[in-house]
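Asker: Got a sequence here, can you model it:
(one chain, ligands or ions: 1)
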Amino acid sequence: MKKTDFQRLTDQLETLSPEQRTALKGMLSRLSEQDSVSVLTEFFSAKCSTCPHCGSAKLYRHGQAHGLPRYRCRACHKTFNPLTGTPLARLRLRHKWLSYHQCLLDSLTIRKAAMAVGISRDTSFRWRHRFLARVKDDHPKSLHGIAEADEMYLLESEKGARHLARAPRKRGEAASQRGTSKEQVCVLVARDRTGQTLNL
Ligand SMILES: [Zn+2]
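Answerer: Residues are numbered from 1 along each chain as shown. Okay, here's the model as predicted:
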């Protein structure tokens, strides 16, 4: 939109009724949710290069399912999407993932992240562990259509886990080993053209 048209549009905002303001807010937030889903789809599609069932690189596009591109493997003939076999497979509410990622980056607690994104505490708990599990499994080497990328390290939280893989750590305590180690989860942070960040 041209600058002058945008100015005209914003000048009209003051004339909106309270109901119209609410409706407009809803429209804007739906638009940004759609944006984040298409950013994710683009991101995951770019990363899908081998079959998660047999490892073959001979794939072809085979339509679309649940908002994600679907592929079929020429070797084993199975179909899959870019999330098949990853901790993110079958997680719902994909339009909220980017906002939830931001909460992880901001080190929000499970409860605060749930409130910020509008999901239940149970979902927030599950997402945190799934997202971090994915980060541990997968260190993507290339990003496509992404403006900038950087790495940051978070101490892995095993909060809520019944069997800790290490001695418990006190709040704010440093890792037992200096530098980067297995205790820290490397998070690849990517910022796309819409200014949203993604750590996967
Ligand atoms: Zn295969």
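Asker: how close does Arg126 get to His101?
Answerer: Arg126 sits 15 Å away from His101, going by C-beta to C-beta, to the nearest Å. Any C-beta I mention is one placed from the backbone N, CA and C, and that applies to glycine too.
Asker: how about the helix ranked longest in the chain: buried residues?
Answerer: In the chain, assigned by DSSP state H, the helix with the most residues is helix 18-47. Going by neighbour count (16 or more other C-beta atoms under 10 Å), the buried part of helix 18-47 is 33, 35-37, 39-41, 43-44, 47.
Asker: Up against the ion, what does this protein have?
Answerer: 51, 53-54, 56, 73, 75-76 (C-beta under 5 Å from the ion).
Asker: Would you check how far apart Leu16 and Ser32 are?
Answerer: 19 Å.
Asker: Shouldn't Met104 be within a helix?
Answerer: For residue 104 the amino acid is Leu, not Met. Yes - under DSSP: H, G, I helix; E, B strand; the rest coil, Leu104 sits within a helix.
Asker: Excluding chain neighbours, what is closest to it?
Answerer: Leaving aside its chain neighbours, Leu104 sits nearest to Phe131 (6.3 Å; criterion: C-beta to C-beta, 6 or more residues apart in numbering).
Asker: One more: Asn81?
Answerer: Leu68 (4.1 Å).
Asker: wait, the one you found sits on Thr41?
Answerer: Yes - taking C-beta atoms under 8 Å as the definition, Leu68 is a contact partner of Thr41 at 6.1 Å.
Asker: Now the residue nearest to Asn81: phi and psi?
Answerer: As for Leu68, its main-chain torsions (degrees, to the nearest 10) stand at phi -120, psi 150.
Asker: Now the helix or strand where Arg126 lies: buried residues?
Answerer: Here Arg126 sits within helix 121-137, counting by DSSP states H and E. Going by neighbour count (16+ other C-beta under 10 Å), the buried part of helix 121-137 is 123-125, 127-132, 134-135.
Asker: A helix includes Gly63, no?
Answerer: No - looking at Gly63 with three-state DSSP, it is strand, so not inside a helix.
Asker: what's Arg61 in contact with, if anything?
Answerer: Shown in contact with Arg61 (C-beta atoms under 8 Å, 6 or more residues apart in numbering): 69-71.
Asker: Also Gly85?
Answerer: 52-53 are the contacts of Gly85 under C-beta under 8 Å, 6+ apart.
Asker: State the distance from it to Tyr100.
Answerer: From Gly85 to Tyr100 the distance is 21 Å (C-beta to C-beta).
Asker: Retrieve the pLDDT associated with the nearest residue to Ile110 once chain neighbours are set aside.
Answerer: Nearest residue to Ile110, sequence neighbours excluded (C-beta to C-beta, 6+ apart): Ser124, at 4.8 Å. Here the pLDDT value assigned to Ser124 is 95.
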